[in-house]
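Visitor: Generate a structure from the sequence data that follows.
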Amino acid sequence: MSAPDTNIEKQETRHKPALLGIKGALIFGVLMILLLLFVVLNNGRDGDESAASLTSETGTSTAPTVAPADGTMSGAAENN
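Guide: Below is the predicted model:
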């Protein structure tokens with residue numbers, strides 16, 4: 001059963017620090033989620049731009065060219 005004469009103003013002043021802490025934690029959590037989304041989306045966009053700039057600037061693939069172990073060259077260098 002509940003108390004018949006509850007003083008709301010008194011209870012509000014007693015619980016004020018706890019309520020402020022809860023509100024602060026909620027605000028902090030929302031800010032952290034927004035920061036996480038910003039960082040993830042910003043990194044994803046930068047990765048696409050840097051990958052596109054690598055292929056457009058070089059015009060070739062980024063795979064390394066490896067010479068055969070016997071010292072012979074193959075491909076365009078062989079024709080010179």
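Visitor: Alpha carbons only: can I get stretch 4-13 in PDB?
Guide: What follows is the C-alpha trace of stretch 4-13 in PDB, where atoms were taken according to Å, rounded to 0.1, in the frame of the first residue of the first chain:
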ATOM      1  CA  PRO A   4      -1.600   8.400   2.300                       C
ATOM      2  CA  ASP A   5       0.200  11.700   2.700                       C
ATOM      3  CA  THR A   6       3.100  11.800   0.300                       C
ATOM      4  CA  ASN A   7       4.900  15.200   0.000                       C
ATOM      5  CA  ILE A   8       5.800  15.500  -3.700                       C
ATOM      6  CA  GLU A   9       8.000  18.600  -3.200                       C
ATOM      7  CA  LYS A  10      10.000  17.000  -0.500                       C
ATOM      8  CA  GLN A  11      10.500  13.800  -2.600                       C
ATOM      9  CA  GLU A  12      11.500  15.900  -5.600                       C
ATOM     10  CA  THR A  13      14.300  17.700  -3.600                       C
END
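Visitor: what ranges do the helices span in this structure?
Guide: Counting by DSSP state H, one finds helices in the chain at the ranges 8-58, 76-79.
Visitor: Where does pLDDT dip in the protein?
Guide: Low-confidence regions of the chain, defined here as pLDDT under 70, cover residues 1, 3, 47-65, 67-68, 71, 73-80.
Visitor: let's see it at 80
Guide: When residues are selected by pLDDT under 80, those of the chain lie in 1-5, 45-80.
Visitor: Pick the most buried one from the helices of the chain.
Guide: Of the helices of the chain, the one with the most neighbours on average (mean count of other Cβ atoms under 10 Å) is helix 8-58, at a mean of 10. Every C-beta, even on glycine, is put in place using the N, C-alpha and C of the backbone.
Visitor: Let's have the helices of the chain in TSV, adding distance to Asp70.
Guide: What follows is the helices of the chain, written out as TSV (distance: least, Cβ to Cβ, whole Å):
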stretch	distance to Asp70
helix 8-58	28
helix 76-79	13
